[in-house]
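A.B. asks: Okay, sequence plus prediction incoming.
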Amino acid sequence: MILNTTDDLKKYVSLAQSFVFTDFEPYITKAVNAFTKKYLGNLHVYLKDEFATPDINFEIKNEAREHLRNVIANFGYFIYLPFSAVMADSSGITVVQSDQRKSAEWWQIKDIRRELLRSGHEAMDYLLEILEKNPTVFVDWTTEFGTINKNLLVHNTTTFNEWYHIFNSRQTFLALQPSIRQVEDQYIRTMLCPELIEHLKTDVTGVSLEVKTELQKAIVAFTVAKVANVGLFILDENGLRVNFETLIDGRKESVSYGKTADQTSKLVEEQSNNGSQYLTVARELIQANLITFNQCESPLKKSTSLGSGYTPYDTPGVLSI
């Protein structure tokens, strides 16, 4: 396993030396299944052992390994902590308490679990950054996960973070992906012909890059507006981030919790207006440079989507829904 002893675990989580590692061991698999597998696949198997020379990439692999061990240790202990306070045997579940020891209060446990989540997600972001920057070192991960977003106009954390602050968090970007896909379908595919969209997803320059940038800004703005009232995210004056608090007690508060509903409504309106303005700029650039956008007969669809659904692709001789 990638973690094997109490000393391994103590590098990442504060524990007494008397901690029984075998009690914790099942939660390594639980942490992988619950938190890392969907982002990393079987990377924990590949990074199970420390690397050394003559592997020319041993340093970057060991750096990734340290982050992954940190991730699994914190997430594993996050899952394990509530069970560590009880004893389960064939007679049921009991709480052990003595004159010398008292069980931690519920709020203390909750605070510790919150910090375990924060540390685990922080380490995960560092790990994902290393994986993204070293595709030739982590070939299997890149093949399975690294290219999954290439079919989106906003396909990475850096692009999204440039137009709306998400703390450069890879996990926040991954959590936003379903909404990004919906926005692209809702606003971009109803505005441009498919051939032009595919062209803009490549490495373009000149006026094509200008159009691509305006479309990316629009997608980011509409995505922020879409998730503004979703309990999975927190939006404040600093930016947008995942609300990991929902993982502690399972509750989802509206993003307007702690703010007035008017403020949230204003944010949605502002971002929606921004998105519409960016689309207008993109449309005007295309109209002024039709000779460049010759990927299809009619690069701009005649009917502009207002976000309520799909519009027909207006091509002579083609009947669409």
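C.D. replies: Received it, and whenever you're ready, just let me know what you need.
A.B. asks: hey, where'd the helices end up in this protein?
C.D. replies: Listed in chain order, the helices of the chain (DSSP state H) span 6-10, 21-24, 26-31, 37-40, 43-46, 58-84, 106-133, 139-141, 157-163, 170-183, 194-200, 206-227, 246-249, 261-288.
A.B. asks: which of the residues in the third one are buried?
C.D. replies: Same thing as helix 26-31. Neighbour-count burial for helix 26-31 flags 27, 28, 31 (criterion: 16 or more other C-beta atoms under 10 Å). All C-beta spots, glycine's among them, are computed from the backbone N, C-alpha and C.
A.B. asks: Of the helices of the chain, give the one that comes closest to residue 52.
C.D. replies: With distances scored as C-beta to C-beta, the stretch of those nearest to residue 52 is helix 58-84 (5.5 Å).
A.B. asks: quick one: buried residues of the closest one?
C.D. replies: 60-61, 64-81.
A.B. asks: Same list (the helices of the chain) but as JSON lines, adding mean pLDDT.
C.D. replies: Formatted as JSON lines, the helices of the chain follow (pLDDT from 0 to 100):
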{"stretch": "helix 6-10", "mean pLDDT": "96"}
{"stretch": "helix 21-24", "mean pLDDT": "95"}
{"stretch": "helix 26-31", "mean pLDDT": "97"}
{"stretch": "helix 37-40", "mean pLDDT": "92"}
{"stretch": "helix 43-46", "mean pLDDT": "96"}
{"stretch": "helix 58-84", "mean pLDDT": "96"}
{"stretch": "helix 106-133", "mean pLDDT": "93"}
{"stretch": "helix 139-141", "mean pLDDT": "94"}
{"stretch": "helix 157-163", "mean pLDDT": "95"}
{"stretch": "helix 170-183", "mean pLDDT": "92"}
{"stretch": "helix 194-200", "mean pLDDT": "96"}
{"stretch": "helix 206-227", "mean pLDDT": "97"}
{"stretch": "helix 246-249", "mean pLDDT": "66"}
{"stretch": "helix 261-288", "mean pLDDT": "92"}
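A.B. asks: between those, which gets nearest to residue 297?
C.D. replies: Judged by C-beta to C-beta, the one of the helices of the chain that comes nearest to residue 297 is helix 194-200, at 9.4 Å.
A.B. asks: Any idea how far the closest one is from the middle of the chain?
C.D. replies: For helix 194-200, the distance from its own C-alpha centre to the chain's C-alpha centre is 25 Å (C-alpha atoms, centre = their mean, to the nearest Å).
A.B. asks: Over to stretch 219-226?
C.D. replies: In terms of C-alpha atoms, centre = their mean, the centre of stretch 219-226 is found 15 Å from the chain centre.
A.B. asks: which ones are touching residue 179?
C.D. replies: Contact analysis of residue 179 by C-beta atoms under 8 Å, 6 or more residues apart in numbering lists 223, 226, 227.
A.B. asks: quick one: which of these has the most company?
C.D. replies: Within the contacts of residue 179, residue 223 tops the neighbour count with 26 neighbours, counted by other C-beta atoms under 10 Å.
A.B. asks: ok, now which ones touch it?
C.D. replies: 154, 160, 176, 179, 180, 183.
A.B. asks: Which single one of these is nearest to residue 119?
C.D. replies: Checking the contacts of residue 223 against residue 119 by C-beta to C-beta gives residue 176 as the nearest, at 22.2 Å.
A.B. asks: so how far is residue 105 from that closest one?
C.D. replies: According to C-beta to C-beta, to the nearest Å, residue 176 and residue 105 sit 36 Å apart.
A.B. asks: These two: who's more crowded?
C.D. replies: Comparing residue 176 with residue 105 by other C-beta under 10 Å, the one with more neighbours is residue 176, at 27 against 9.
A.B. asks: For residue 31, see how far away that one is.
C.D. replies: According to C-beta to C-beta, residue 176 and residue 31 sit 23 Å apart.
A.B. asks: now swap in residue 47 and tell me
C.D. replies: 14 Å.
A.B. asks: And residue 192, by the same measure?
C.D. replies: From residue 192 across to residue 31, the span is 43 Å (C-beta to C-beta).
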